[in-house]
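1. quick one, fold the following:
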Amino acid sequence: MKDNFDIFFRRKPALMLVSLKKNSRMRYGSILAKEVDCTYSHAVKILQTLEELKLVEFSKKGRIKLIKLTKRGKEVADAIENIQTLIK
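-> I've put the predicted structure just below:
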């Protein structure tokens, strides 16, 4: 049976936001891609869209881009988690 969560959301972007919220430390794109089971290039495209929506922000540390939820991103991740709980 298909997970009810897929009815309401695109799975990978929603899981990325929730994953970033659960682990409050800043993370790399490659680690996040593994956590939500997608390719790095797909994760980058999703993250670029999330950045345009001001849900995540990037900071450079040397050659590495770190990803962090914005305040708005945390609020959206909270809402996604609430909906996940309601539809279980």
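
2. residue ranges with poor pLDDT in this structure?
-> Across the chain, the ranges flagged by pLDDT under 70 are 1-7.

3. so who does the spatially most central residue of the chain touch?
-> Centroid check for the chain by Cα atoms, centre = their mean gives residue 16 as the closest residue, at 2.0 Å. Residues counted as contacts of residue 16 (Cβ atoms under 8 Å, 6 or more residues apart in numbering) are 32, 36, 43, 46-47, 50. Heads up, the C-betas are built off the backbone N, CA and C, glycines and all.

4. quick check, residue 87 in contact with residue 8.
-> Yes: shown here, residue 87 and residue 8 form a contact pair, counting by Cβ atoms under 8 Å, at 7.3 Å.

5. just the buried members of the contacts of residue 16?
-> Among these, those buried by neighbour count (16 or more other Cβ atoms under 10 Å) are 32, 36, 43, 46-47, 50.

6. mind checking which of the contacts of residue 16 are in helices?
-> 32, 43, 46-47, 50 (DSSP state H).

7. residue 65: which of these is nearest?
-> Nearest to residue 65 among the ones in helices among the contacts of residue 16: residue 47, at 9.0 Å, using Cβ to Cβ.

8. farthest-apart pair in the contacts of residue 16, please.
-> Most distant of the contacts of residue 16, by Cβ to Cβ, are 36 and 50, 12.2 Å apart.

9. tabulate the buried ones among the contacts of residue 16 (CSV), appending distance to residue 62.
-> CSV is the format used below for those (distance: Cβ to Cβ, whole Å):
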residue, distance to residue 62
32, 18
36, 25
43, 20
46, 23
47, 19
50, 23
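
10. hang on, residue 67 is in a helix, isn't it?
-> No: the assignment for residue 67 is strand, going by DSSP: H, G, I helix; E, B strand; the rest coil, so no helix is present there.

11. what sits against it?
-> Per Cβ under 8 Å, 6+ apart, neighbours of residue 67: 20, 26-29, 32, 47, 56-58.

12. now do the longest helix along the chain: everything it contacts.
-> Longest helix in the chain, counting residues (DSSP H): helix 71-87. With contacts defined as Cβ under 8 Å, 6+ apart, helix 71-87 is touched by 4-5, 8-9, 14, 17-18, 20-21, 50, 54-56, 69.
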